[in-house]
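*Asks:* next come a sequence and a model predicted from it.
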Amino acid sequence: MTCRLRLGDAGIRPSRKGNPLAVPAIILALVFAITFLATPTLGGGWYWDLGNGLGFLALAGLLFQSIPGRRPRDIGAHEWLGYAVFAIATSHAFWFLLGDPVVRVYLAPGAPAHMWLGLAGLLMLALLTLLARMPDRTRIHPRYRSFRTAHRWLAVATVAASVLHVLMTRFYLSGWLQALLLTLLALAACFGRRYWTRLRSLPRPAPAAAYLAIATGAVGLFALLRNAVA
Amino acid sequence: MKALVAALLLVGTLIVAYGLPGADPAIRRAPRFGGTMPVLPMTFLHEDHVTSNCVTCHHEFQDGRRQKPCMTCHVTDPQVMPLLETQFHDLCRTCHATEHAAGRPAGPTRRCISCHLPDDHF
């Protein structure tokens, strides 16, 4: 979930300039915009679209968390936002499990690959969250550098599973252009480390409350456009 | 935090294994339509599909392989049995999604329980 760097490593100075909500808002907007590229009026009904809106919200949060930020002062925001992303991803899963009694069949043996990938993504996100907490973190990784490496690569695997879960479902993102754009966005978030760390003003983690506020609007708009307008 | 995640995992596993409390017990994979392959129940209302061309679904009208009910062939023929889910999802959902995207009355496009209901007449 994190790709944090030591400020000294990249030789950059910390800057508190810039709106902390700008980068998460842009990533959120990009993720939702990509879903509307092919069939903007295609929906699965209010219930289904709200549940999937939560899923896209979690994905956007995960991508934002993968961008390196400044430390150590922003670690707290990164941690709390991580809890928020995990809560939203869990809500996405339980939304369908509790609201549609057939969905459980698609998580049992014989389920399609995209559902296994979604489940794997959620489990890895749980591990990512739990293993980053003290004192377990220092128990497993006495050295910060080894924790950072493990945390980064587990985050990359989580993003990969989540993106594949979305793409292989082939509902909102059914076109090749959408698949390409989401893949590029995920790659930029996970592997654009060199680019991000060269920015004078690195994106700061947004407060979880602010993120949730704009996120609620995004999910509502996502479902509204696919149902009320269609 | 660990206890919360463990509890969520346990609840999720129980729901997947046993279903939601109070849910219709018939909504599970079981041998149906005269076959041995476990499949979910399905429902279909002809009166909701009168604007569609019959042969869009009833290919047996053209190829002469009539068998009643139509599902029997799909769950007993070893050549098409493995394709049941893909074929029906593609046929039903593609048409519903196309109609929905065009802003026309479309019926369910995604919600599983909308179609996977017990129906003795299907």
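*Replies:* That came through, no problem.
*Asks:* distance-wise, check B:R104 relative to chain A.
*Replies:* 10 Å (Cβ to the nearest Cβ, to the nearest Å). C-betas here are computed from N, CA, C, even on glycine.
*Asks:* if we ignore the residues flanking it in sequence, what's nearest A:L42?
*Replies:* The shortest distance from A:L42 to any non-neighbouring residue, by Cβ to Cβ, 6 or more residues apart in numbering or on different chains, is to B:A101 (4.2 Å).
*Asks:* is the one you found in contact with A:T41, as I believe?
*Replies:* Yes - because the distance of 5.2 Å satisfies Cβ atoms under 8 Å, B:A101 is recorded as touching A:T41.
*Asks:* quick one, which of these two is more surrounded?
*Replies:* Shown here are B:A101 and A:T41; by other Cβ atoms under 10 Å in any protein chain shown, B:A101 has more neighbours (18 against 14).
*Asks:* A:H114 - how many residues pack around it?
*Replies:* When counting by other Cβ under 10 Å, one arrives at 18 neighbours for A:H114.
*Asks:* and the residue nearest to it when sequence neighbours are not counted, what does it touch?
*Replies:* Counting by Cβ to Cβ, 6+ apart, A:M168 is the residue found nearest to A:H114 once chain neighbours are left out, at 3.7 Å. Going by Cβ atoms under 8 Å, 6 or more residues apart in numbering or on different chains, A:M168 touches A:P112, A:A113, A:H114, A:L117.
*Asks:* check which helix or strand the third one maps to.
*Replies:* Pointing back at A:H114 there. In the assignment (DSSP states H and E), A:H114 maps to helix A:113-130.
*Asks:* now do the SS call for the most centrally placed residue in chain A.
*Replies:* Per Cα atoms, centre = their mean, the C-alpha nearest to the average position across chain A is that of A:L62, at 2.1 Å. Following DSSP: H, G, I helix; E, B strand; the rest coil, we place A:L62 in the helix state.
*Asks:* just to check, it is in contact with A:A160?
*Replies:* No - assessed by Cβ under 8 Å, A:L62 is found out of contact with A:A160, at 10.7 Å.
*Asks:* ok, now how distant is the residue nearest to the centre of chain A from A:A38?
*Replies:* Using Cβ to Cβ, to the nearest Å, A:L62 is found at 22 Å from A:A38.
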